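[1] Following is a predicted model, sequence given first.
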Amino acid sequence: MLDFISSQVENQPEIFGPLHFIVLGVFVVLLILTCVFLRKTNEKQNKIILLFLGFWLLLFEGLKQTVLIHESSVNGYQWQHLVNNKCK
């Protein structure tokens with residue numbers, strides 16, 4: 001998959017280049033805004049938010065594992081995908 005992306009993108013961003021710092025800045029601003037807007041939530045709302053985020057993360061981890069299984073042409077599950085996130 002990374003080879004496909006590398007072949008499709010002409011101007012790849014450099015490591016620790018301006019794009020990375022812009023994305024980092026956007027995430028910091030989003031984190032601060034999230035903290036400001038959610039500071040007045042009660043315990044029930046906190047549990048609902050955490051349940052929703054946990055489900056969302058679990059769903060995307062399952063999708064990632066499914067894609068990794070599909071991309072590897074080996075029969076059976078490759079257990080190194082749980083600890084090693086490097087794609088071949």
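    Right, received. Where do you want to start? Numbers count the residues shown, from 1 in each chain.

[2] Show me the strands in the protein, by range?
    Assigned by DSSP state E, the strands in the chain number zero.

[3] so where's it uncertain?
    1-9, 73-78, 81-88 (pLDDT under 70).

[4] ok, longest helix in it?
    Scanning the chain for the helix with the most residues, using DSSP state H, yields helix 43-71.

[5] Next, count neighbours for Lys44.
    Neighbour count of Lys44, defined by other Cβ atoms under 10 Å: 8. Every C-beta, even on glycine, is put in place using the N, C-alpha and C of the backbone.

[6] Please name every helix or strand in contact with the longest helix of the chain.
    Here helix 43-71 touches no other helix or strand, going by 3 or more Cβ pairs under 8 Å, 6 or more residues apart in numbering; DSSP states H and E.

[7] and that helix, which residues are buried?
    Across helix 43-71, burial judged by 16 or more other Cβ atoms under 10 Å covers Leu68.

[8] quick one: it to chain centroid distance?
    In terms of Cα atoms, centre = their mean, to the nearest Å, the centre of helix 43-71 is found 10 Å from the chain centre.

[9] Also stretch 25-41?
    So, by Cα atoms, centre = their mean, the centroid of stretch 25-41 is 18 Å from its chain's centroid.

[10] Show residues contacting it.
    By Cβ atoms under 8 Å, 6 or more residues apart in numbering, the residues outside stretch 25-41 that reach it are Ile49.

[11] Stretch 22-29: which residues count as buried?
    Along stretch 22-29, no position meets the burial threshold by neighbour count (16+ other Cβ under 10 Å).

[12] quick check, distance from it to the centre of its chain.
    With Cα atoms, centre = their mean as the basis, stretch 22-29 stands 15 Å off its chain's centre.

[13] any idea how far Ile15 is from Leu24?
    Here Leu24 is placed at a distance of 13 Å from Ile15 (Cβ to Cβ, to the nearest Å).
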